[in-house]
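Novice: Need a 3D model of the following:
(2 chains)
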Number of protein chains: 2
Amino acid sequence: MKARVYVMLKNGVLDPQGAAVQHALGALGFDGVSGVRQGKVIELDITATDSAAAKAQVEEMCEKLLANTVIENYSVEIV
Amino acid sequence: MKARVYVMLKNGVLDPQGAAVQHALGALGFDGVSGVRQGKVIELDITATDSAAAKAQVEEMCEKLLANTVIENYSVEIV
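Specialist: This is a model prediction of the structure:
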């Protein structure tokens, strides 16, 4: 079973990577980009066969390792 | 309009970040994780109002800046 985790900085947390991308897009001539936020996506191959159990396990992984919940939000998708 | 870009390393390209996450998950006692790949997600706020035009513009951004198409795949989603 495959799980996909999205980790994004919370709103209001400064995102220098996103700001750098936005600046670079402007320098390349792309107009009309009013905001950029950059986050992580983590794809996990897990052996669990029950999708509810898999989701619970991946959420625990997020709390313990994959996301810094002080400044980041995460969402889990089982695919 | 919001666009979301997913950038992942191509299959076969070594992913040390993913390997490090997999190792750390094992060390934390999470069994049953047989593979981890880590990529980027980039959220763009764009002023274009036509979704087809927006998608074409974001794909051009991917080719020129957001993804290294030699080693990375990208996908664009207009939300």
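
Novice: What is the longest strand anywhere in chain A packed up against?
Specialist: Criterion DSSP state E: the longest strand present in chain A is strand A:33-46. Counting contacts by 3 or more Cβ pairs under 8 Å, 6 or more residues apart in numbering or on different chains; DSSP states H and E, strand A:33-46 is packed against strand A:2-9, helix A:16-27, helix A:51-61, strand B:2-9, helix B:16-27, strand B:33-46. C-betas here are computed from N, CA, C, even on glycine.

Novice: tell me the angle it makes with helix A:16-27.
Specialist: 130 degrees (axes from the mean of the first three to the mean of the last three Cα atoms, to 10 degrees).

Novice: Could you list the alpha-carbon positions for strand A:33-46 in PDB?
Specialist: Output in PDB follows, covering the C-alpha atoms of strand A:33-46 (Å, rounded to 0.1, in the frame of the first residue of the first chain):
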ATOM      1  CA  VAL A  33       2.600  35.000  -9.500                       C
ATOM      2  CA  SER A  34       1.400  36.500  -6.300                       C
ATOM      3  CA  GLY A  35       2.600  33.900  -3.800                       C
ATOM      4  CA  VAL A  36       4.700  30.700  -3.600                       C
ATOM      5  CA  ARG A  37       4.900  28.200  -0.700                       C
ATOM      6  CA  GLN A  38       7.100  25.200  -0.900                       C
ATOM      7  CA  GLY A  39       6.700  22.100   1.100                       C
ATOM      8  CA  LYS A  40       7.600  18.400   1.100                       C
ATOM      9  CA  VAL A  41       5.900  15.300  -0.300                       C
ATOM     10  CA  ILE A  42       6.900  12.000   1.100                       C
ATOM     11  CA  GLU A  43       5.800   8.700  -0.500                       C
ATOM     12  CA  LEU A  44       5.900   5.600   1.600                       C
ATOM     13  CA  ASP A  45       5.500   2.000   0.600                       C
ATOM     14  CA  ILE A  46       3.900   0.300   3.600                       C
END
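
Novice: tell me the mean pLDDT over that strand?
Specialist: Strand A:33-46 comes out with an average pLDDT of 96.

Novice: Return the set of buried residues in it.
Specialist: A:33, A:36-44, A:46 (16 or more other Cβ atoms under 10 Å in any protein chain shown).
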